[in-house]
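A.B. asks: pasting a predicted model and its sequence here:
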There are 2 protein chains.
Amino acid sequence: MDLEAVRTFVAVAEAGQFQLAAADLSITQQAVSKRMATLERDLGVRLFTRAPRGVALTIDGQAFLPQARELLRVADRAVASVRAGSRPLRIDVINSRGAASGLMRDFHRAHPGIELDVLMLLDIEQAVTAIRSGTIDASFRAVAAPGRPLPGNVESVRVLDEPLELLTGPAHALAGARSVTVAQLAGHRIWMPGLAPGTEWAAYYDDLVAEFGLTIESTGPNFGSDALLDTIADTPALATFMGGHTRLIWPAGHGLRRIPVTGPVPVYPHSFLWHRDNPHPALATLRAHLATTTAGRNAGTWVPNWAIPH
Amino acid sequence: MDLEAVRTFVAVAEAGQFQLAAADLSITQQAVSKRMATLERDLGVRLFTRAPRGVALTIDGQAFLPQARELLRVADRAVASVRAGSRPLRIDVINSRGAASGLMRDFHRAHPGIELDVLMLLDIEQAVTAIRSGTIDASFRAVAAPGRPLPGNVESVRVLDEPLELLTGPAHALAGARSVTVAQLAGHRIWMPGLAPGTEWAAYYDDLVAEFGLTIESTGPNFGSDALLDTIADTPALATFMGGHTRLIWPAGHGLRRIPVTGPVPVYPHSFLWHRDNPHPALATLRAHLATTTAGRNAGTWVPNWAIPH
DNA sequence: TCTGATCCACAACCCGGCGTTGTTCACTAA
DNA sequence: TTAGTGAACAACGCCGGGTTGTGGATCAGA
């Protein structure tokens, strides 16, 4: 049974004749006649009485009409339930207060009508799996070889280089510096709790450590950024790295210092990842939005070798 | 959107892979792949994640699955609501106690599983209209030129010649006769209340009157057969005609007499009428049943000229 | 790392169904 | 009888969906 035939049946029942229904449906009367003949053959009953001034429903046609209307209603509802754009765009970010969140806030300001669902997955691997399986629509992550397609038709484009800053308490040896070079950090203890091994940002800091001889400790449990800030503020021997675009709930009276890092500027390379065949219209909108805000790579910055675009 | 595609979608979702679903549906895997690609294109979303060990539903696919099941359920119900044979066969008879009712009782005894809906319309014209419009499936009526198709593809076949009998009270002049000839009835008052002009049985008695010089009165309101029988029983000057196959609720103690009429025997020519294209299977069963019980025309009987078969 | 197994996608081809145009048929009204 | 209305029939072209054949991606096991 063909839904178009059912739709035609309802149109004919309402119009009372084939020709008018055909005009409504923008097809010929002969096509309507054929559709109804086929439908009657499929159902095994006569639905209409053909008369010279039009058609009338038979008993069976009268019984079928409400069923047909219900069928079309359910069909329309089924289509609407998955209509492109009907569900929120699901976006993974590396950090709820990081640069990616800022980009999404910008996007939301520019397109307030688009529903968003921002979440945090564990790492790049999980994110790519989720994109491939359709669980999420896109992700902001540091990716190896941005611009080169990942397996499973996942595409990526580098959208933002976020400079790292040093965060210290007021009693730290570098607290008074206007800026520090990466080389100056050698010998200082950098504490980054929650830097889980195997994740892409752990790999980023591994490369940073290997290249510039830093000391980064990720020991101890991660009690969240508030606890981290408290500890940094109170401990002269500890500093930490923080994305320059991070929006902090700035603890009052702690005297925390954000110190730019230079020579070169280590930047965290955020890429945007999405599935090539994802037809969600809001995804295209987001990509277009990002394209307008994406800056070229700056000289004098450092990223791991694996993160250099091709 | 194609219902077959929706059915395939559900099959794939249950099977977890295209090949198995294809085997279930007795089509090739490629056909399933094409159907799903088309469905995804029509809906504008991806429904499955393709993986080397099968497929998994995306978020949209998960949302669509219950809608698809509901859609198929409604479609099946719609088809069932008009499945051939699912509704009672609607048959018109000229009289609820007459020969046609007897034929339907026989049929019901032979096929107790077939639901019947026996009703009484006004006359042959209304019956033919109802058959053409699909309101009823068949009718037992006296018809002009039985065997010749009526307008609108209504067919007819003569199935039963019902001899008329004279019904008198005990005090009637002919009450003691074993049988009477039509000629003997001339001069007697025949009373037939409810013989509405324009109906085919009025036409029958008009011809009978014209040919044999009878006197038939159809004056007075029709209070039903019980009132008729009471009046006939109590009135020596009145008699009435009655179909020989009529099943009477015989009033006790009234002394009513049923007297056969001969020379020739006037018979009421019951034909069976139905629409040529009516596909109701029970209708075919009924026609087959009637064909076995239909007797040839007997010699020595009378019917109006218009009722002689071609 | 290589190979075979598994499973989906793509390409080429074929056929049937559907819509079109042109025409005929059935019935009604004047 | 004739004109008008409306559905059915016939012939034809084209698109969609089926098939076979093949390629590509992934995973298990040697």
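C.D. replies: Alright, I've got the coordinates.
A.B. asks: tell me which residues in the helix or strand hosting A:Leu20 are buried?
C.D. replies: Using DSSP states H and E, A:Leu20 falls within helix A:18-25. Residues A:Phe18, A:Leu20, A:Ala21, A:Ala22, A:Leu25 are the ones in helix A:18-25 that count as buried (16 or more other Cβ atoms under 10 Å in any protein chain shown). For every residue, glycine as well, the C-beta is placed using N, CA and C.
A.B. asks: and the residue nearest to the first one when sequence neighbours are not counted, how far from A:Met1?
C.D. replies: Think A:Phe18. Counting by Cβ to Cβ, 6 or more residues apart in numbering or on different chains, A:Phe18 lies nearest to A:Val32, which is 4.6 Å off, once chain neighbours are set aside. With the distance defined as Cβ to Cβ, to the nearest Å, A:Val32 ends up 16 Å from A:Met1.
A.B. asks: got the contact list for A:Gly85?
C.D. replies: Applying Cβ atoms under 8 Å, 6 or more residues apart in numbering or on different chains, we find A:Gly85 in contact with A:His280, A:Pro281, A:Ala282.
A.B. asks: now list the buried members of those residues.
C.D. replies: Judged by 16+ other Cβ under 10 Å, buried ones among those: A:His280, A:Ala282.
A.B. asks: rewinding a little: which of A:Val32 and A:Met1 has more neighbours?
C.D. replies: The neighbour comparison of A:Val32 against A:Met1 (other Cβ atoms under 10 Å in any protein chain shown) goes to A:Val32, with 25 against 15.
A.B. asks: pLDDT score for that one?
C.D. replies: Per-residue pLDDT puts A:Val32 at 93.
A.B. asks: summarise which helices and strands the strand or helix carrying it is packed against.
C.D. replies: In the assignment (DSSP H and E), A:Val32 maps to helix A:29-43. Here helix A:29-43 touches helix A:3-15, helix A:18-25, going by 3 or more Cβ pairs under 8 Å, 6 or more residues apart in numbering or on different chains; DSSP states H and E.
A.B. asks: so which of those helices is nearest DNA strand C?
C.D. replies: helix A:3-15 (5.8 Å; Cβ to the nearest atom of the strand).
A.B. asks: what about that closest one and DNA strand D, touching?
C.D. replies: No. Among the residues of helix A:3-15, none lie within reach of DNA strand D under Cβ under 7 Å from any atom of the strand; the closest is 7.5 Å away.
A.B. asks: which other helices and strands contact that helix?
C.D. replies: helix A:18-25, helix A:29-43, helix A:59-81.
A.B. asks: now do the strands in chain A.
C.D. replies: For chain A, strands defined by DSSP state E occupy the ranges A:48-51, A:54-57, A:89-92, A:116-119, A:138-141, A:154-168, A:180-181, A:189-191, A:215-217, A:238-243, A:257-262, A:265-275, A:301-302.
A.B. asks: list the buried residues in the first one.
C.D. replies: Neighbour-count burial for strand A:48-51, with 16+ other Cβ under 10 Å as criterion, is recorded at A:Phe48, A:Thr49, A:Arg50.
A.B. asks: out of those residues, who's nearest A:Arg148?
C.D. replies: A:Phe48 (61.6 Å; Cβ to Cβ).
A.B. asks: residues in contact with that closest one?
C.D. replies: Counted by Cβ under 8 Å, 6+ apart, A:Phe48 has contacts A:Val12, A:Met36, A:Glu40, A:Val55, A:Ala56, A:Leu57, A:Thr58, A:Gly61.
A.B. asks: contact residues of the stretch 1-150 of chain A facing DNA strand D?
C.D. replies: Residues of the stretch 1-150 of chain A lying near DNA strand D (Cβ under 7 Å from any atom of the strand): A:17-19, A:29-30, A:33, A:36-37, A:48, A:50, A:52-55.
A.B. asks: now the end-to-end length of stretch A:77-87.
C.D. replies: Stretch A:77-87 has an end-to-end distance of 14 Å (criterion: Cα to Cα, to the nearest Å).
A.B. asks: could you tell me how many residues sit around whatever residue of the stretch 151-300 of chain A ends up closest to chain B?
C.D. replies: Taking Cβ to the nearest Cβ, chain B has its nearest neighbour within the stretch 151-300 of chain A at A:Pro279, 5.5 Å off. As a burial measure, A:Pro279 scores 16 neighbours (other Cβ under 10 Å).
A.B. asks: A:Gly16 too?
C.D. replies: A:Gly16: 15 neighbours (other Cβ under 10 Å).
A.B. asks: excluding sequence neighbours, find me the nearest residue to it.
C.D. replies: Here the residue nearest A:Gly16, using Cβ to Cβ, 6+ apart, is A:Gly54, at 4.8 Å.
A.B. asks: thought that neighbour was touching A:Gln17?
C.D. replies: Yes. If you go by Cβ atoms under 8 Å, A:Gly54 and A:Gln17 touch, sitting 3.6 Å apart.
A.B. asks: more neighbours: those two, which one.
C.D. replies: Neighbours of A:Gly54 and A:Gln17, each counted by other Cβ under 10 Å, are more numerous for A:Gln17; the result is 18 against 15.
A.B. asks: tell me the phi and psi of that one?
C.D. replies: phi -160, psi 160 (degrees, to the nearest 10).
A.B. asks: that one contacts A:Val55, correct?
C.D. replies: Yes. Taking Cβ under 8 Å as the definition, A:Gln17 is a contact partner of A:Val55 at 6.0 Å.
A.B. asks: now the stretch 151-300 of chain A against DNA strand D: closest residue?
C.D. replies: A:Pro151 (3.6 Å).
A.B. asks: residues in contact with A:Gln19?
C.D. replies: A:Gln19 touches A:Gln29, A:Val32, counting by Cβ under 8 Å, 6+ apart.
A.B. asks: pull out the buried residues from stretch A:50-65.
C.D. replies: A:Arg50, A:Val55, A:Ala56, A:Leu57, A:Thr58, A:Ile59, A:Asp60, A:Gly61, A:Ala63, A:Phe64, A:Leu65.
A.B. asks: run the chain-centre distance for that stretch.
C.D. replies: Centroid displacement of stretch A:50-65 relative to its chain, using Cα atoms, centre = their mean, to the nearest Å, is 52 Å.
A.B. asks: now the terminal residues of it, how far apart.
C.D. replies: With Cα to Cα, one end of stretch A:50-65 sits 17 Å from the other.
A.B. asks: now do it: everything it contacts.
C.D. replies: A:9-10, A:12-13, A:16-18, A:43, A:45-49, B:78, B:81-82, B:87, B:90, B:133-135.
A.B. asks: can you tell if that stretch touches DNA strand C?
C.D. replies: Yes. Residues of stretch A:50-65 contacting DNA strand C under Cβ under 7 Å from any atom of the strand: A:Pro52, A:Arg53.
A.B. asks: got the residues of the stretch 151-300 of chain A near DNA strand D?
C.D. replies: Within the stretch 151-300 of chain A, the residues that sit near DNA strand D (Cβ under 7 Å from any atom of the strand) are A:Pro151, A:Gly152.
A.B. asks: shaky segments in the stretch 151-300 of chain A?
C.D. replies: A:251-253, A:295-297 (pLDDT under 70).
A.B. asks: hang on, the earlier thing: nearest to B:Gly213, out of the helices and strands packed on helix A:3-15?
C.D. replies: Of the helices and strands packed on helix A:3-15, nearest to B:Gly213 by Cβ to Cβ is helix A:59-81, at 45.5 Å.
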